[in-house]
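# what's the 3D shape of this:
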Amino acid sequence: GGTLNTQSINVLNSNSEFEAGKGTLVFTGSNTLPDELLEYNHIIINGGTTVLSTNIVINGNITIAGTLDVSSLNYEISINRNWINNGMFIRRNGKVIFAGDKNQIIGGSNSTYFYSLEMNKKKGVYLLTGVYVYYQLELTEGTLYSDHVNYLTLKPPAVISGGSDNSYIDGRIKIETDTIKTIVIGTGKNGKYKKAALLTQSADSSVFFVEYFSTPPPSSNSVSAGITHICKMQYWEIIRISGSSPILLTLFWNTNSCGPMDLLLALKVARYDSTQWVSGGSSTVSGDPFIGFITSDTLNSFGCFTFGCNHGGLKTSGNIDNFSDENIETPEENTISQVEIEQNTKVPVYNLEIMPNPVIGKMNVTLKGNKGKEVLIVVMDLLGRTHYSKIILLKNDEYHFAIDPSEKLNPGVYMVVGSSNDILYKKKIVIK
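Model prediction:
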């Protein structure tokens, strides 16, 4: 568990008794690490140049005060503790993996320039200095934390791959681009992955700052004529700090977003112009209320962005609207008073259950109500159009029956509604 100071790594070879899980190796001269040694504890490079001759695992910290070179064969480093760079790291085309089971830092007096960087750990990696990636940031597992001083910079042609609720970037990202390309932004916060993407529209050298916020957007009630309301629980800040490339911005949603996107035709990308929220357009909208994406029109102005809605005449008589259930992560049963649908009677219904959902094949419906009463079941699309209606006589307090949607319903998202006096019970379903 001690410290070995050496100017020549030749003192370590295949006959050496070296315990990788203990102690510290301090290099003060120029060395090539022997390919027999694959695993180390703490490494300090105090001077000279240390060159890799194989992939290595560092179970502890690495401190670079001299030079560390992955060699022309582009060897890989897996590190389980802290990376401190006070010298120079020659990245070439090598890869560094942060894989520890504890929180780690990337720090030191000098920024580190990685070719390929992977997050593959249970905890987080905190940036205490600038980090640059030239090829790829892989988000496999774990969170990369940055701030407005110590942030990640993607250098051309670097991209971000992976991303999930278990792995994202929490904080500022700097994106440099010099070509027309799509750059996925793997942002998130509080255990929720919030994906976005920039598609640059020219090869002009441009630089952007991007950050995601899980807080209410500024002036969320101030909207222009092209927006009726916006999502009030999250936003992205995108600033073009140099260059002139316009972009297309894509925002992705899922069940941990703003609530159901019930009116896809009314969705917009909304932009805050420093006084109010304006429409950034909707060149493409794809998905269903619970998962999908929207792409803006071409943007040349920047700032804060979130999901917007301009429902106009699309809002149905059932008050179905975008973001109607913000903060609800999964579709739940809801009661709606005095909803007008085509019906001849109002009768007691206490519960409505549908299995399976999404529906593949027949849809099994369970009604819980008063025996002997009639119940009107209506299936309608998200624009309020009725596709199926039937009066059911409850033979028991809990009554089961099946509907074959293939006869009347195309794949998509629908509402199943059962009446209960002046109250309607609804369930969203997805027909596969």
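# what about stretch 129-138, average pLDDT?
Averaging pLDDT along stretch 129-138 gives 97.
# Stretch 164-171 too?
Mean predicted lDDT for stretch 164-171 stands at 96.
# Show residues contacting it.
119, 124, 127, 139-147, 151-152, 160, 185-189, 191-194, 211, 256 (C-beta atoms under 8 Å, 6 or more residues apart in numbering). Heads up, the C-betas are built off the backbone N, CA and C, glycines and all.
# Please repeat the previous calculation with a cut-off of 6 Å.
119, 139-147, 186-189, 191-193 (C-beta atoms under 6 Å, 6 or more residues apart in numbering).
# Okay, now the unreliable bits of the protein?
1-22, 313-320, 324-351, 369-370, 372-376, 382-386, 391, 405-408, 419-426 (pLDDT under 70).
# what bridges to I84?
Judged by DSSP bridges, the bridge partners of I84 are T63, G107.
# re the thing from before, quick one: buried ones out of the contacts of stretch 164-171?
119, 139-146, 186-189, 192-193 (16 or more other C-beta atoms under 10 Å).
# Greatest separation within the residues you listed: which pair is it?
T140 and K189 (18.6 Å; C-beta to C-beta).
# Let me see the contact set for the closest residue to L199 other than its chain neighbours.
Excluding its sequence neighbours, the residue lying closest to L199 (C-beta to C-beta, 6 or more residues apart in numbering) is L248, at 4.2 Å. By C-beta under 6 Å, 6+ apart, the residues touching L248 are L199, T295, S296.
# Kindly report the same for N300.
So N300 contacts P246 (C-beta under 6 Å, 6+ apart).
# The chain should start at 48 in everything you say after this.
Sure, I'll start counting at 48 from here, so that last one is N347.
# and the gap between it and L99?
46 Å (C-beta to C-beta, to the nearest Å).
# Contacts for stretch 245-263, please.
So stretch 245-263 is contacted by 219-227, 229-230, 232, 234, 236-237, 241, 279, 281-295 (C-beta under 6 Å, 6+ apart).
# could you redo the last one with a cut-off of 7 Å?
Stretch 245-263 has contacts (C-beta atoms under 7 Å, 6 or more residues apart in numbering) with 218-230, 232, 234-237, 241, 279-296, 345.
# Equivalent analysis for stretch 138-148, please.
Looking at what lies outside stretch 138-148 - C-beta under 7 Å, 6+ apart - the contacts are 117, 119, 121-128, 151, 160-170, 172.
# What about those residues, which are in strands?
123-126, 151, 160-170, 172 (DSSP state E).
# ok, back up a step: please report how far the residue nearest to L246 lies from D344.
Counting by C-beta to C-beta, the gap from L295 to D344 is 8 Å.
# what do those two both touch?
S330.
# wait, isn't Y435 in contact with V426?
Yes: if you go by C-beta atoms under 7 Å, Y435 and V426 touch, sitting 3.9 Å apart.
# Those two - which one has more neighbours?
Set Y435 next to V426 and count neighbours by other C-beta atoms under 10 Å: V426 wins out with 22 against 16.
# so the more buried one sits in a helix?
No: looking at V426 with DSSP: H, G, I helix; E, B strand; the rest coil, it is strand, so not inside a helix.
# Might you report the residue contacts of it?
Contacts of V426 by C-beta under 7 Å, 6+ apart are H434, Y435, L456, Y461, V463.
# Separate out the buried members of the residues you listed.
Going by neighbour count (16+ other C-beta under 10 Å), the contacts of V426 have Y435, L456, Y461, V463 buried.
# Show me which of those is closest to C356.
Using C-beta to C-beta, the buried ones among the contacts of V426 come closest to C356 at Y461, 20.1 Å.
# ok, now which ones touch the closest one?
Neighbours of Y461 in contact, by C-beta under 7 Å, 6+ apart: V426, M427, D428, I476, I478.
# Adding distance to N357, write those residues out as CSV.
Formatted as CSV, the contacts of Y461 follow (distance: C-beta to C-beta, whole Å):
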residue, distance to N357
V426, 27
M427, 22
D428, 19
I476, 26
I478, 27
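# what's the closest of the residues you listed to G107?
Distances from G107 to the contacts of Y461, taken by C-beta to C-beta, are shortest for I476, at 53.8 Å.
# Could you confirm that closest one falls within a strand?
Yes: assigned with three-state DSSP, I476 falls within a strand.
# now it: how far from F448?
Counting by C-beta to C-beta - I476 and F448 are separated by 15 Å.
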